[in-house]
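Trainee: Sequence first, predicted model second:
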Amino acid sequence: MQYALRATIIAFLTILTLVAAPLNGLAKDTGHADKERAKSAAQKPAKAAKQAKAEPRGKAERPAKVGKSARAAKAVAADAAVQKPRRGKKAAAVNPDIENEEGDIGACAVPTLTVKSAILWDMNSGEVLYEQNPDVQIPPASLTKVLTLYILFDAIRQGRLRPWDVIEVSPRAATQGGSNMHLRSGEQIKITDLIQGIAVASANDACMAVADNLENGNADAFVALMNDTAKRLGMTNSVFHNPNGLPAEGQVTTARDMLKLAAAYLEQFPKALTIHSMQYFTHNNRQRHNANSLLGRYEGVDGLKTGFVCASGYNIVATAKRGDTRLIAVVLGSRNPRVRERETAKLLDKGFKLVQAKKTASPAPVAAVAAPGVGAAAHP
């Protein structure tokens, strides 16, 4: 019996040893882990402080350890931030002597609106096919030059000037900024060259040369003639302060007024389009490119004039003819030349489709009439 009791005790102790061994190991592991965690926790503040000293001021503290997935997500977010286009970026600073393409000088923030104002007119029927805020006043920029050319052609028609006449460039004309022909003070130049410079190169100096010579050498009298002519053509919401459209306080026009001017100009001086459709002009061995990017790229476009100043954005009076249909589109306040070209092309597309649809529905010819609001003023 003693033998049986002894065997039972030995078996019990053996079982207890087998059970206790893993528990003891687990306890040791747990204790070791606790010590490691405590050690790590104790090291974190010191490590964070060390990193804070090493990093530039103003940079947020980073966690001591980041998992692989967290690091990957952070890297993707960083890449996205770098690749994301910046909005509202200001124009880069440039040399103030560098001339812009169309009349203004220096860098500026251009309005963000796609188009501020627009109007589309069928010259054959006299019908307005589309309009968007057509009476909003806006600086005309180089569209002003259409009025200067109107007066110049009118003077030739009246015999006060001849195309081959030669005039002398005034000192004031030679110092005009922005787009120009680089005229020199005292230079002798033909009227025909000035016309091409204004129509193709958007030359501010050429406009001032005309103003300084046409009205007995009185540029102020020329500007007064501009405003009188504008009123006679029905441009009731336009005011002009110079002959070239360079920035001037209070100098404004509207899309509707520019339509009236363009309609009268094309009706009375249609041959002027042979000049407005020129893509290049050269004077004194300097070649200038016509800023009307629709020329040669949009079927039927053969004029008329572009313009830009910071206060308005990119403007255009465009005309196109297909078959017996001629349209005039005025677009004011585009945010860049590409938007101006795109929106004007869309407007002309719309117009030609509307006209074609009406011809299909009613093929009878329609007599040409004056532009809305122009009336007899187009036939002085």
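Mentor: Yep, it's here. Numbers count the residues shown, from 1 in each chain.
Trainee: export stretch 263-280 as CSV, just CAs?
Mentor: The C-alpha coordinates for stretch 263-280 follow below in CSV (Å, rounded to 0.1, in the frame of the first residue of the first chain):
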residue,chain,number,x,y,z
ALA,A,263,-20.8,96.3,-88.7
ALA,A,264,-20.3,99.9,-89.9
TYR,A,265,-16.6,99.3,-90.5
LEU,A,266,-17.1,96.2,-92.6
GLU,A,267,-20.0,97.6,-94.5
GLN,A,268,-18.2,100.9,-95.5
PHE,A,269,-14.7,99.5,-95.8
PRO,A,270,-15.0,95.9,-96.8
LYS,A,271,-11.6,95.9,-98.6
ALA,A,272,-9.9,96.4,-95.2
LEU,A,273,-10.3,92.7,-94.6
THR,A,274,-7.4,92.1,-97.1
ILE,A,275,-5.2,93.7,-94.4
HIS,A,276,-6.9,92.3,-91.3
SER,A,277,-6.5,88.8,-92.7
MET,A,278,-2.7,89.1,-93.0
GLN,A,279,-1.0,86.9,-90.5
TYR,A,280,2.4,88.7,-90.5
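Trainee: any residues touching it, and which ones?
Mentor: Here stretch 263-280 makes contact (Cβ atoms under 8 Å, 6 or more residues apart in numbering) with 121, 123, 146, 149-150, 153-154, 195-196, 199-200, 233, 287-290, 292, 295-296, 302-305, 319, 326, 328, 370-371, 374, 377-378. The C-beta positions use only the backbone N, C-alpha and C, and glycine is treated the same way.
Trainee: Quick one: mean pLDDT over that stretch.
Mentor: Computed over stretch 263-280, the mean pLDDT rounds to 97.
Trainee: How about stretch 189-199?
Mentor: Rounded mean pLDDT across stretch 189-199 is 97.
Trainee: and if you look at stretch 238-246?
Mentor: Per-residue pLDDT over stretch 238-246 has a mean of 97.
Trainee: and if you look at stretch 354-368?
Mentor: Regarding stretch 354-368, the rounded mean pLDDT is 75.
Trainee: Buried ones among the contacts of stretch 263-280?
Mentor: 121, 123, 146, 149-150, 153-154, 195-196, 199-200, 233, 288, 290, 292, 295, 302-305, 319, 326, 328, 370-371, 374, 377-378 (16 or more other Cβ atoms under 10 Å).
Trainee: Could you find the closest non-adjacent residue to Met235?
Mentor: Using Cβ to Cβ, 6 or more residues apart in numbering and skipping residues adjacent in sequence, the residue nearest Met235 is Asp257, 3.9 Å away.
Trainee: residues in contact with that neighbour?
Mentor: Asp257 touches 230, 234-238, counting by Cβ under 8 Å, 6+ apart.
Trainee: Which positions within the helix or strand where Arg342 lies qualify as buried?
Mentor: According to DSSP states H and E, Arg342 maps onto helix 337-361. Within helix 337-361, the residues scored as buried using 16+ other Cβ under 10 Å are 337, 339-341, 343-345, 347-348, 351-352, 354-355.
Trainee: who's in contact with that helix?
Mentor: Residues from elsewhere that reach helix 337-361 (Cβ under 8 Å, 6+ apart): 101, 114-115, 118, 120, 122, 124-125, 129-130, 291, 293-294, 297-298, 300-301, 306, 314-316, 318, 320, 322, 325, 327, 329, 331, 334.
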